[in-house]
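Q: what's the 3D shape of this:
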Amino acid sequence: MITPAPLSALRGFGVGHSEVAGALTGCTVIVTPHGATCGVDVRGGAPATRETDLLKPENMVQQIHALTLSGGSAYGLASADGAMRALADAGYGFELAGSLVPIVPAACIFDLPLCAGQTPSTQTGYDACTKALASFENATDLDALAQGNVGAGLGATVGKFAEPFRAMKSGFGYSCFRFGDLICAALVVVNALGNIRNEQGAWIAGVRNDEGEVINPLETFLASQAQLAAAPQAPTSNTTLGVVLTNASLTKAQATKVASQTHDAYARAIEPVHTLNDGDIIFALSLNEVSATPDAVSALSNVALFHAINNAVIHAHEVFGIPAAQDLPCPPHNPFV
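A: Residues are numbered from 1 along each chain as shown. Next comes the predicted model:
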């Protein structure tokens, strides 16, 4: 039977958030201090990433020590430098030429309209990584991890293919499930161009009509694309950042395949998805503790990621007049929070 599980069921990693003072942007760091196998799959047409080439199965490094998810568009990649420094200060990383070199891939969302001219910095990454290391040591901290308007999700929004005032607030979410000994968790920052649907197929966040109701996005999206074809405008940048964590034993090639297959959760929860204006990406991290096939991991991680996407919008709240799902007349509820 598939059952929900706490994040602390996956020992071997930690998660921490930090925010930029006076701006709606921030950083979320996932640490695996003793190393985890990692694969990645990038589907969107506008990614802002660091060290993703290193994760290709044919390349040398087999394990990473942390992942950094950040706001601030490409400026936010600086936060990974801070995460590296925090890990090295704590004694984690590969020993090379008398130095510790932690491996920290990173990815960013575009939230510059809410950054107030400030973006996540090296210090932002250092602070988030320090909190992540604390939760690695203390499972209570991990199980109390905040969702919604926190960390890299602080400036996240959804439903941005119509007029800007029709968009809605989103954020950071997570979910964890178990099947026997196999455990899969998913963490996600939802900053999608498209709308979000729940398990019943109802639209719970995205483009709203004049009455404030979330509408079926397809016709509105196609109309917006027709306008762009006739008179190109400045692109709207977005991006959904997903991380799958599992206790299964996976090679880099298998982790890469899991990351690829778990994009099915994006397609199930977000419409439209993987557009040229999205930088959609999924990382898959393996703690290498139990035996499981990559297909089993993918099947369970899809469940976890779908519910994590829902949690990211359900836990968000209104900012600067941008409403969230909980502000709707009938707020949605995820039974697997």
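
Q: need the contact list for residue 64.
A: Neighbour list for residue 64: 32, 35-36, 38, 55, 103-105, 285 [criterion: Cβ atoms under 8 Å, 6 or more residues apart in numbering]. C-betas here are computed from N, CA, C, even on glycine.

Q: pLDDT at it, what is it?
A: At residue 64, the model reports a pLDDT of 97.

Q: give me the element it is part of.
A: For residue 64, the element it lies in under DSSP states H and E is strand 63-70.

Q: chain center to that strand: distance?
A: 12 Å (Cα atoms, centre = their mean, to the nearest Å).

Q: Next secondary structure after that strand?
A: Per DSSP H and E, the first helix or strand lying C-terminal to strand 63-70 is helix 79-89.

Q: Now that following helix: buried residues?
A: Neighbour-count burial for helix 79-89, counted by 16 or more other Cβ atoms under 10 Å, picks out 79-87.

Q: possible to save those as JSON lines with pLDDT and distance to residue 153?
A: As requested, those are arranged in JSON lines below (pLDDT from 0 to 100; distance: Cβ to Cβ, whole Å):
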{"residue": "79", "pLDDT": "97", "distance to residue 153": "14"}
{"residue": "80", "pLDDT": "98", "distance to residue 153": "17"}
{"residue": "81", "pLDDT": "97", "distance to residue 153": "21"}
{"residue": "82", "pLDDT": "98", "distance to residue 153": "18"}
{"residue": "83", "pLDDT": "98", "distance to residue 153": "17"}
{"residue": "84", "pLDDT": "97", "distance to residue 153": "22"}
{"residue": "85", "pLDDT": "97", "distance to residue 153": "23"}
{"residue": "86", "pLDDT": "98", "distance to residue 153": "20"}
{"residue": "87", "pLDDT": "98", "distance to residue 153": "22"}
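
Q: Max pairwise distance over these: which two?
A: 79 and 87 (12.9 Å; Cβ to Cβ).

Q: Pick the one among the buried residues of helix 79-89 closest to residue 209.
A: Nearest to residue 209 out of the buried residues of helix 79-89 is residue 79 (Cβ to Cβ; 37.1 Å).

Q: you'd agree residue 74 is up against residue 47?
A: No: proximity of residue 74 to residue 47 does not meet the contact threshold set by Cβ atoms under 8 Å, at 9.8 Å.

Q: chain center to the longest strand along the chain, what's the gap?
A: Ranked by residue count and defined by DSSP state E, the top strand of the chain is strand 26-42. Computed by Cα atoms, centre = their mean, the chain-centroid distance of strand 26-42 equals 11 Å.

Q: between that strand and strand 63-70, how big is the angle?
A: Orientation check (axes from the mean of the first three to the mean of the last three Cα atoms, to 10 degrees): strand 26-42 against strand 63-70 gives 120 degrees.

Q: Now do strand 26-42, average pLDDT.
A: On average, strand 26-42 scores 96.

Q: got a list of contacts for the helix or strand that it is followed by?
A: Later in the chain than strand 26-42, the nearest helix or strand by DSSP H and E is strand 49-50. Strand 49-50 is contacted from outside by 42, 68, 77, 80, 104-108, 279, 281, using Cβ under 8 Å, 6+ apart.

Q: Strand 49-50 pairs with which strands, and in what direction?
A: strand 106-108 (antiparallel) (DSSP bridges).
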